[in-house]
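Trainee: Could you look at this predicted model? Sequence included:
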Amino acid sequence: MGRNAAMVLSAVLAVAAVSGANAAPPTPTVDPHLVGAWHTVSIDGDALFFIVHGVEIDFDENGSFTARIRFTDGQTETKKGHYVVHGDQIEFSIPSLKAKETATYSIEGRDLRFHDPSFGVTIEVARGKAQDSSGHDLF
């Protein structure tokens, strides 16, 4: 996988490693506190902030998610996948990319933090839709 593709996956909540597996979606074990829309507050690690302007991720109660990424050049990309939680671990899979990655997550107040130790990326998101500085929806 090229560096840009890996950075896209990192931006999708630290989903950055490709496994060769093309498995069926995992049986969903969801955290009801995750369900709904979240948008980026901060991205730390791997210089993602140079290419990623914002990320919005929508988790549903059935174990699916949709991630929308807006790059600093204005282009957008949408990825759909599945997630499953195990304690403080969350596993993301994106079938179209044959990608799967595990990160830790924690919810503190209105903020949700993901950390992918394999890439040293931490992404903090808050409830709601992603908006630009003038209050317009990014997606």
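Mentor: Structure's in. What do you need?
Trainee: CA atoms for contacts and neighbours, from now on please.
Mentor: Will do.
Trainee: what about this structure, any weak spots by pLDDT?
Mentor: Within the chain, the ranges that satisfy pLDDT under 70 run 1-28, 46-50.
Trainee: in it, which spans are helices?
Mentor: All helices of the chain, identified by DSSP state H, fall at 3-11.
Trainee: now F92, which residues is it bridged with?
Mentor: Beta-bridge partners recorded for F92 (DSSP bridges): Y83, E101.
Trainee: Same question for S106.
Mentor: Note on S106: beta-bridge partners by DSSP bridges are R113.
Trainee: correct me, but it touches I90?
Mentor: No: contact criterion Cα atoms under 8 Å: S106 and I90 do not qualify, at 9.9 Å.
Trainee: Which residue is the nearest non-sequential neighbour of Q131?
Mentor: D137 (4.3 Å; Cα to Cα, 6 or more residues apart in numbering).
Trainee: typo on my end, it should be E56
Mentor: The shortest distance from E56 to any non-neighbouring residue, by Cα to Cα, 6+ apart, is to H39 (4.4 Å).
Trainee: now H115
Mentor: Distance criterion Cα to Cα, 6+ apart; nearest residue to H115, sequence neighbours excluded, is T122 at 4.3 Å.
Trainee: and the one you found, what does it touch?
Mentor: Counting by Cα atoms under 8 Å, 6 or more residues apart in numbering, T122 makes contact with 14, 43-45, 113-116.
Trainee: Of these, just the buried ones, ChimeraX syntax please.
Mentor: To isolate the buried members of the contacts of T122 in ChimeraX, using 16 or more other Cα atoms under 10 Å:
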select :14,43,113,114,115,116
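Trainee: Distance of W38 relative to A67?
Mentor: Distance, W38 to A67, by Cα to Cα, to the nearest Å: 10 Å.
Trainee: Oh, that last question was meant for F114, not what I typed.
Mentor: 14 Å.
Trainee: Of the contacts of T122, just say which sits nearest to T102.
Mentor: Checking the contacts of T122 against T102 by Cα to Cα gives D116 as the nearest, at 7.0 Å.
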